[in-house]
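1. how would this look folded up:
(chains A and B)
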Number of protein chains: 2
Amino acid sequence: MRNIIYMDNGATTKVDKKVADKIITYMTEKYGNASSLHQKGQEAKIALEESRAIIAKSINARPSEIVFTSGGSESDNLAIKGVAYAHKKGHIITSVIEHPAVLETVKELKNEGFDISLIKVDSEGFVDIEELKNEIRKDTILVSIMHANNEIGTIQDIEEIGKICKENKIIFHTDAVQSYTKFPLDVRKINIDLISLNGHKIHGPKGIGALYIKEGTKIKRLIDGGKHENKLRAGTENIPGIVGFAEAVKIADFGHIRHMQKLKDKLIDSLLKIENTRLNGPKEKRLCNNVNISFKYVEGEAIGGYLDAEGICSSTGSACSSKSLEPSHVLMALGMKEEDAHGSLRLTISRFTTEEEVDIVLEKIPKIIEKLRRMSPFK
Amino acid sequence: MRNIIYMDNGATTKVDKKVADKIITYMTEKYGNASSLHQKGQEAKIALEESRAIIAKSINARPSEIVFTSGGSESDNLAIKGVAYAHKKGHIITSVIEHPAVLETVKELKNEGFDISLIKVDSEGFVDIEELKNEIRKDTILVSIMHANNEIGTIQDIEEIGKICKENKIIFHTDAVQSYTKFPLDVRKINIDLISLNGHKIHGPKGIGALYIKEGTKIKRLIDGGKHENKLRAGTENIPGIVGFAEAVKIADFGHIRHMQKLKDKLIDSLLKIENTRLNGPKEKRLCNNVNISFKYVEGEAIGGYLDAEGICSSTGSACSSKSLEPSHVLMALGMKEEDAHGSLRLTISRFTTEEEVDIVLEKIPKIIEKLRRMSPFK
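-> Numbers count the residues shown, from 1 in each chain, chains lettered A, B, ... in the order given. Modelled structure (predicted):
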């Protein structure tokens, strides 16, 4: 097989070899059920609690504040529906650029009788803090604003939002699936009540996630059954997934962030030299691995197709809505015209991305854009 | 490490080496997101659909009727809440010996205003079909009766229950987590609308399950978000888990069933020769890998402890409720006295169990029982 240059790490990542090795051990040797009283069960139980402690420590939380789920979407659903159903009624504030796991969940809650406010964002994707403040009502029970956007990498000022929520005694949830291990999060320094995390965006396994739930947060479980996870999530614990997730968190470090930052900046600076381009999302306060550029007069899917033919994996937006032909709801929220939103390309790198790969991509893209623009009826 | 004799396969199983190898390939090489349009994504998408076809074929369903979930508990929740919420109100019938993922779910639905009827079972754990018929009302929307019981192995007459549900136009759900690949299921021959399946009881991975949803069944999703799984379950598909699950299904065969059947019968026949014992659950119509015996005058947990000290993993009931000191709800439902329910031991074998292991266990148990009975204050 030819070498693939994988720049779609916002969609999912390659599992680290060390992580995979751990997972195999817990599948084929230490395979017990963590609820079993015998030695095989206790071995699994110890691994479960050690992993929980690692995840907790990574955001400066207590182990008892971490609940394992099957991934980011379940974590978002548990956070939002869990708070909504525990309160029975009320008002929820979120933003127009959230992940579908948040937007579709609040849409469902709206059908069920909850009130929802969607906050707008500016041209770089930052939520309008003044609008957020103005939308707060006496019956507001929850604010859910993502930490870093999955399409354009905008990192929100969650410290400020956390302060506002605290002053108004409102529960604050953030989906940190994209930023986790890429941007420090300290729940003792920033006021956050709920944080969605997951494994497969950080070179850990798919099918595993976590929800940080600050002690004392009023929340109801979604999956009923056994007394697992402090009665907040029933189902036999996915020990291999959990152990692999924790291993991925242990491996992540600041050196990786600096590495990605450097290559990301190189990609952005070089691509913006092509005529009629714009960076979607901010230059600063941007996720260290996210590049999102609009190329006027071309279709993002066409660029992606040509790149794919060259062995380069990219995307036009989020994988979660790739089947839809509608323009990205995130790019439209920035105030872009539909045709410009269609011309966007997302490159999401990882700590495994090399400068050599970046150089190859930077050599290919201008040629593809030129070719496409020559054929374009819009120009 | 010493050799362990693992006879707690009802709690969870060792992942087959072939399954683990496949999983690793899909974690470290074919790691794409199945929603991505590039080659890495399409490679994952193909694996997803091939796996879906394998699971579908195993129960003679259509691939479009299989929705992947994070496991048996989520499948049970999706089946029961999914049907309940799609109907908004109504009456649900289930049995007293269901898994907590069913019992706790209907308890929750009762709190939300649904009507619930719990059907009793006879001394061998068979649900009372006449009572079931009598409980059916005009507003009954769902009957949920497990295929094989996780503690005592009783295999219900789901063909008969399916007929009754069809005659009365009621949706029929069965939790087949314990029986899957151990007892044939054909959805074109038996009337079933929803079947919960999972991976980790069949030498597949933890954290993956499926729900068979017959075409046309009125059901609502529980996890909102992206359009994955035919819009019935949001979240990036756990491709390594799904591929591993399908591989485990492919490996399972009738030879394994016969092997387990033989060793299970040997265990039961030999253990019943010990004085003051009784078999919990039936001799016939019993899961091929389940042994559950009550030993009068002793505590099941004490037997389990001594066995564990000898390197033999067993359980007293289900792992899902092992932390509870209450007697098993299943054994109590058979009409057992509390002290007898406490004296029960469950041995659940697998296709990896050898006759030599069975012989060792059969040598150890009588000695342990004798020792415990000598010390027993109840005798």
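
2. separation between residue A:109 and residue B:82?
-> Distance, residue A:109 to residue B:82, by CB to CB, to the nearest Å: 17 Å. C-beta coordinates here come from the backbone N, C-alpha and C atoms, glycine included.

3. Comparing those two, which residue is more hemmed in?
-> Neighbours were tallied for residue A:109 and for residue B:82 using other CB atoms under 10 Å in any protein chain shown; the higher tally belongs to residue B:82 (26 against 21).

4. what kind of secondary structure is that one in?
-> helix (DSSP: H, G, I helix; E, B strand; the rest coil).

5. what's the nearest residue to it if we skip its chain neighbours?
-> Leaving aside its sequence neighbours, residue B:82 sits nearest to residue B:219 (CB to CB, 6 or more residues apart in numbering or on different chains; 4.0 Å).

6. can you check residue A:215 too?
-> That would be residue A:65: by CB to CB, 6+ apart, it lies 5.9 Å from residue A:215.

7. can you list the residues of the stretch 101-250 of chain A near chain B?
-> Residues of the stretch 101-250 of chain A found near chain B (CB under 8 Å from any CB of the partner chain) are A:101-102, A:104-105, A:107-108, A:200, A:205-208, A:222-228, A:234-241.

8. residues in contact with the nearest residue to residue A:146 once chain neighbours are set aside?
-> Once flanking residues are discounted, residue A:146 sits nearest to residue A:175: 4.2 Å by CB to CB, 6+ apart. Residues in contact with residue A:175, defined by CB atoms under 8 Å, 6 or more residues apart in numbering or on different chains, are A:72, A:75, A:76, A:98, A:99, A:101, A:102, A:144, A:146, A:147, A:195, A:196.

9. if you set the cut-off to 10 Å instead, what comes out?
-> Each residue near residue A:175 by CB atoms under 10 Å, 6 or more residues apart in numbering or on different chains is listed here: A:72-73, A:75-76, A:79-80, A:94, A:98-99, A:101-102, A:144-150, A:194-198.

10. quick one: it and residue B:27, what's the gap?
-> The value you get for residue A:175 to residue B:27, if CB to CB is used, is 24 Å.

11. Local confidence estimate at residue A:65?
-> We have a pLDDT of 98 for residue A:65.

12. burial of it, as a residue count?
-> A count of nearby residues for residue A:65, using other CB under 10 Å, gives 23.

13. pretty sure it is touching residue A:211, no?
-> Yes. Assessed by CB atoms under 10 Å, residue A:65 is found in contact with residue A:211 at 9.2 Å.

14. Next, show the common contact partners of these two.
-> Listed as contacting both residue A:65 and residue A:211 by CB under 10 Å, 6+ apart are A:194, A:195.

15. can you pull out the helices in chain A?
-> Remark: helices assigned in chain A by DSSP state H are A:17-28, A:39-58, A:72-87, A:100-111, A:129-135, A:158-167, A:228-231, A:239-251, A:254-271, A:300-309, A:329-333, A:338-342, A:355-375.

16. Redo the ones you listed as a markdown table? Include mean pLDDT and distance to residue B:215.
-> Formatted as a markdown table, the helices of chain A follow (pLDDT from 0 to 100; distance: least, CB to CB, whole Å):
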| stretch | mean pLDDT | distance to residue B:215 |
| --- | --- | --- |
| helix A:17-28 | 98 | 34 |
| helix A:39-58 | 98 | 38 |
| helix A:72-87 | 98 | 25 |
| helix A:100-111 | 98 | 24 |
| helix A:129-135 | 98 | 43 |
| helix A:158-167 | 98 | 44 |
| helix A:228-231 | 94 | 33 |
| helix A:239-251 | 98 | 31 |
| helix A:254-271 | 98 | 46 |
| helix A:300-309 | 94 | 32 |
| helix A:329-333 | 94 | 31 |
| helix A:338-342 | 85 | 35 |
| helix A:355-375 | 96 | 42 |
